[in-house]
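Peer 1: Pasting the sequence and the predicted model now:
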Amino acid sequence: MKCFYDDRDAVGVCKYCGRGVCHESAVTVAQGLACKARCEREVETLMGVIGKSRTAYQRTAAIYGRSGLTTALFGLLFLGFGIVEQQYLDRMAVFFDAAGLIILLSAGFAYYNRRKINKA
């Protein structure tokens, strides 16, 4: 591959415009290669956005974990209340048991999504 700006061999590709660049027409900006004096600002902005998205992705996994834990506690609370108060609630206890199981299932999905995000 040849450099877009002169007839030398390219050492890389600009992260913004995708053109081949040689040593003389390339500059490294925030872990990315850019065309000197043409695409530096755009590549710097692009690398900043990529960095912020990585941080947001990691925070999302933590949020899924906390959400799953909180949801599981509520599910156990509903299920436990339905079981313990069976004799007083009669048919209404079935509602609490079913709601508790559905909430626990929701907590399982949140935990599964957290693990899926952490693997990626």
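Peer 2: Arrived safely. Residues are numbered from 1 along each chain as shown.

Peer 1: Need the per-residue pLDDT for the residue nearest the centre of the chain.
Peer 2: Closest residue to the average C-alpha location of the chain: residue 57 at 2.6 Å, with CA atoms, centre = their mean. With respect to pLDDT, residue 57 scores 81.

Peer 1: what's the neighbour count on the closest residue to it other than its chain neighbours?
Peer 2: In this structure, residue 57 finds its nearest non-sequential neighbour in residue 117, 6.9 Å apart by CB to CB, 6 or more residues apart in numbering. Bear in mind the C-beta positions are built from the backbone N, C-alpha and C, glycine included. The burial count assigned to residue 117 is 16, neighbours taken as other CB atoms under 10 Å.

Peer 1: quick one: the helices in the protein?
Peer 2: 40-84, 86-89, 92-119 (DSSP state H).

Peer 1: wouldn't residue 110 be in contact with residue 63 here?
Peer 2: No: the criterion here is CB atoms under 8 Å, and residue 110 misses it with residue 63 at 9.2 Å.

Peer 1: which of the two has more neighbours?
Peer 2: More crowded of residue 110 and residue 63, by other CB under 10 Å: residue 110, with 18 against 14.

Peer 1: Residue 82 versus the more buried one, what's the distance?
Peer 2: 22 Å (CB to CB, to the nearest Å).

Peer 1: Kindly state the domain boundaries assigned to the chain.
Peer 2: What automatic domain parsing lists as the domains of the chain is 1-38, 53-119.

Peer 1: Would you pull up how far the last one lies from the middle of the chain?
Peer 2: Distance, stretch centre to chain centre, for domain 53-119: 21 Å (CA atoms, centre = their mean, to the nearest Å).

Peer 1: now the end-to-end length of that domain.
Peer 2: With CA to CA, to the nearest Å applied, domain 53-119 spans 16 Å between its terminal residues.

Peer 1: Same check on the first one?
Peer 2: One end of domain 1-38 sits 20 Å from the other (CA to CA).

Peer 1: List the buried residues in it.
Peer 2: By 16 or more other CB atoms under 10 Å, the buried positions in domain 1-38 come out as 3-5, 10, 12-16, 19-22, 25-27, 29, 32-35, 38.
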